[in-house]
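# Build me a structure from this.
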Amino acid sequence: MGKTGTVGGTTAAGEENTGFIILISLVATIGGFLFGYDSGVINGTVDGLKAAFQSDAAVTGFNVASMLLGCAVGAWFAGTLADRYGRRTMQLWAAVFFLVSAWGSGIATSSAEFVVYRVIGGLAVGAASVMSPAYISEVAPARYRGRLATVQQIAIISGLFCSFLSNWWLAGHAGASTAVLWLGYEAWRWMFWAEIVPAVLFLVALFFIPESPRYLVARGLKERAGRVLARLYGAGAGERKRAEIEASLAADHHRPRLSDLVSKATGRVRPIVWVGIGLAVFQQLVGINVVFYYGAVLWQAVGFSENDALLINVLSGALSIGACLVTVALIDRIGRKPLLWIGSAGMAVTLSLVAWAFASGTLVDGRLQLPGQMGVLALVAANAYVVFFNVSWGPVMWVMLGEMFPNQIRGSGLAVAGLAQWTANFVITWTFPMLLGGIGLAGAYGLYAAAAFVSVGFVLRYVHETRGRELEQMEG
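Purely as a prediction, here's the structure:
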């Protein structure tokens with residue numbers, strides 16, 4: 001990320017305020033950190049929720065998955081509202097919702113109350129999931145846009161890792177997640193309250209970053225956009241970039257709207273929108289969030305103690321961060337598409353091994369016992385699967401959604417893809433406890449392996465490379 005060379009052939013790197021670009025991108029990724037933390041914190045609270053609310057498998061599954069309903073709504077409305085009110089404005093609202101959800105989830109006294117606060121948190125997660133990568137893509141030069149956008153996934157995984165670590169420490173300190181910790185409250189409640197600190201940091205930091213210049217141009221605020229672009233790229237380069245953005249929007253003089261997703265020439269939804277939906281859905285069909293949301297339950301189901309299961313989650317989080325660092329090094333060198341199909345193939349193999357290991361087990365007193373070294377195989381293969389996901393689909397899907405849509409439809413395209421992603425996430429998360437009681441762990445992981453195999457063909461057939469292309473060059 002030096003200060004020599006060219007950016008997309010138009011913006012001189014020597015004029016860039018690289019440090020400022022990195023700084024404001026990092027602020028945006030705090031939303032990703034909270035996205036990860038809010039998603040992962042539920043992992044250690046399942047036993048506490050069951051005990052506090054006396055819930056059965058279906059209700060517990062809904063309690064865990066309820067946030068995802070908010071995520072779907074948040075992603076849908078954030079994309080379209082961001083075209084009206086701005087990327088930064090929607091992130092500010094997300095920060096407020098993170099705060100409300102973190103506090104309320106911890107004080108909830110019933111499943112219904114808990115669900116309300118989790119849905120509020122879901123609205124924040126959904127908004128952050130589409131706005132953070134969109135914001136980073138719209139302020140970063142093409143030559144290192146992929147690396148900066150990948151930091152968003154590192155932030156997500158770091159949030160997951162910190163939630164796993166916090167859950168493990170709090171449960172260990174109290175003796176169990178259901179045991180009283182401080183001030184008469186159980187440890188699982190403190191797991192939610194720990195999120196308040198980064199949520200406050202995110203809210204404060206957002207007041208110190210500028211609005212997206214591409215949004216400002218689209219809203220006709222050209223002078224303000226020029227000032228932001230000058231601060232990002234230098235006066236001369238900023239003015240040229242503003243002209244490029246204006247030219248990319250010139251074919252459609254109206255402000256961005258949802259109907260732009262339909263091609264005027266064919267009267268059908270643009271192909272790029274279907275590709276975005278496919279990327280979003282396949283990222284969930286491979287079952288990754290079963291590991292993130294139910295990891296503790298999964299490993300306890302095959303004989304590990306609660307403490308050991310929570311520690312395995314910490315290991316998975318650390319491996320995920322390492323995998324994302326590999327992606328940072330590779331994504332702007334070898335591209336997005338190769339990482340996706342390699343990841344799909346790796347996940348297909350490792351998920352098949354996990355399913356095979358679980359299929360060899362027998363139920364003893366309601367718990368799955370794996371023979372010989374099958375427990376080790378399941379543990380190693382599951383963590384290898386996590387690595388393959390986080391070196392490919394984890395970060396690359398969000399990078400591509402943030403950059404693959406033309407300027408005119410970026411907000412709307414992200415809204416639709418985000419809705420599809422979180423809807424698929426909800427279905428996978430909600431159905432897992434029922435699959436566990438129906439076809440078992442082996443059957444569930446067999447389904448996820450099949451989805452990974454299909455995703456290889458989807459990537460090779462429909463996904464087009466976006467490495468090194470300016471956002472104004474994207475076609476839909």
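# what's the helix or strand for the nearest residue to residue 36 once chain neighbours are set aside?
Leaving out its chain neighbours, the residue that sits closest to residue 36 by CB to CB, 6 or more residues apart in numbering is residue 159, at 2.6 Å. Just so you know, the C-beta spots here come from the backbone N, C-alpha and C atoms, and that holds for glycine as well. Residue 159 is located in helix 142-174, with elements delineated by DSSP states H and E.
# Show me what that helix is packed against.
The contact analysis (3 or more CB pairs under 8 Å, 6 or more residues apart in numbering; DSSP states H and E) places helix 142-174 against strand 6-7, helix 18-40, helix 111-139, strand 180-182, helix 187-193, helix 288-301, helix 306-330, helix 393-403.
# what's downstream of the last one, the next helix or strand?
Put plainly, it is helix 393-403. helix 410-438.
# separation between the residue nearest to residue 36 and residue 132?
Here residue 159 is placed at a distance of 12 Å from residue 132 (CB to CB, to the nearest Å).
# which one of the two has more residues nearby?
More neighbours surround residue 132 than the other of residue 159 and residue 132, with 31 against 26 (other CB atoms under 10 Å).
# Check that one and give its pLDDT.
Taken from the predicted model, the pLDDT recorded for residue 132 is 80.
# surely it meets residue 27?
No - under the criterion of CB atoms under 8 Å, residue 132 is not in contact with residue 27, lying 9.5 Å apart.
# Compare the helices and strands packed on helix 142-174 and say which comes out lowest on pLDDT.
Of all the helices and strands packed on helix 142-174, strand 6-7 carries the lowest average pLDDT, namely a mean of 32.
# give the contact list for the nearest residue to residue 462 once chain neighbours are set aside.
Using CB to CB, 6+ apart and skipping the chain neighbours, the partner closest in space to residue 462 is residue 275 (5.3 Å). The contact partners of residue 275, by CB atoms under 8 Å, 6 or more residues apart in numbering, come to 404, 462, 463, 464.
# and residue 275, what element?
Secondary structure assignment for residue 275, by DSSP H and E: helix 271-285.
# ditto for residue 460
Using DSSP H and E, residue 460 falls in helix 440-462.
# Now find how far off-centre that helix is within its chain.
With CA atoms, centre = their mean, to the nearest Å as the basis, the distance from the averaged C-alpha position of helix 440-462 to the chain average is 19 Å.
# swap in stretch 113-120?
Distance, stretch centre to chain centre, for stretch 113-120: 20 Å (CA atoms, centre = their mean).
# residues contacting residue 357?
370, 374, 375, 377, 378, 381.
# doesn't residue 358 make contact with the last one?
No - using CB under 8 Å as the test, residue 381 is too far from residue 358 to be in contact (10.1 Å).
# if we can go back for a sec, which of the contacts of residue 357 fall in helices?
Among the contacts of residue 357, the members found in helices (DSSP state H) are 374, 375, 377, 378, 381.
# thinking again about what came up before, can you give me the separation between the residue nearest to residue 36 and residue 418?
Taking CB to CB as the measure, residue 159 falls 18 Å from residue 418.
# try residue 160
Taking CB to CB as the measure, residue 160 and residue 418 are separated by 19 Å.
# ok, now which ones touch residue 239?
Here residue 239 is in contact with 226, 229, 230 (criterion: CB under 8 Å, 6+ apart).
# now the helix or strand harbouring it: mean pLDDT?
Using DSSP H and E, residue 239 falls within helix 235-250. Confidence over helix 235-250 (mean pLDDT, whole number) is 72.
# and it, how far from the chain's centre?
In terms of CA atoms, centre = their mean, the centre of helix 235-250 is set 30 Å apart from its chain centre.
# before we move on, what about stretch 170-189?
On CA atoms, centre = their mean, the centre of stretch 170-189 falls 28 Å from the chain's centre.
# start to end distance for that stretch?
Chord length of stretch 170-189, first to last residue, is 10 Å (CA to CA, to the nearest Å).
# buried residues in it?
For stretch 170-189, burial by neighbour count (16 or more other CB atoms under 10 Å) applies to 170, 171, 174, 176, 177, 178, 181, 186, 187, 188, 189.
# dump the residue contacts of the spatially closest residue to residue 209 that is not a sequence neighbour.
On the basis of CB to CB, 6+ apart, the spatially nearest residue to residue 209 that is not a chain neighbour turns out to be residue 24, at 4.3 Å. Contacts were defined as CB under 8 Å, 6+ apart; by that measure residue 24 touches 139, 209, 210.
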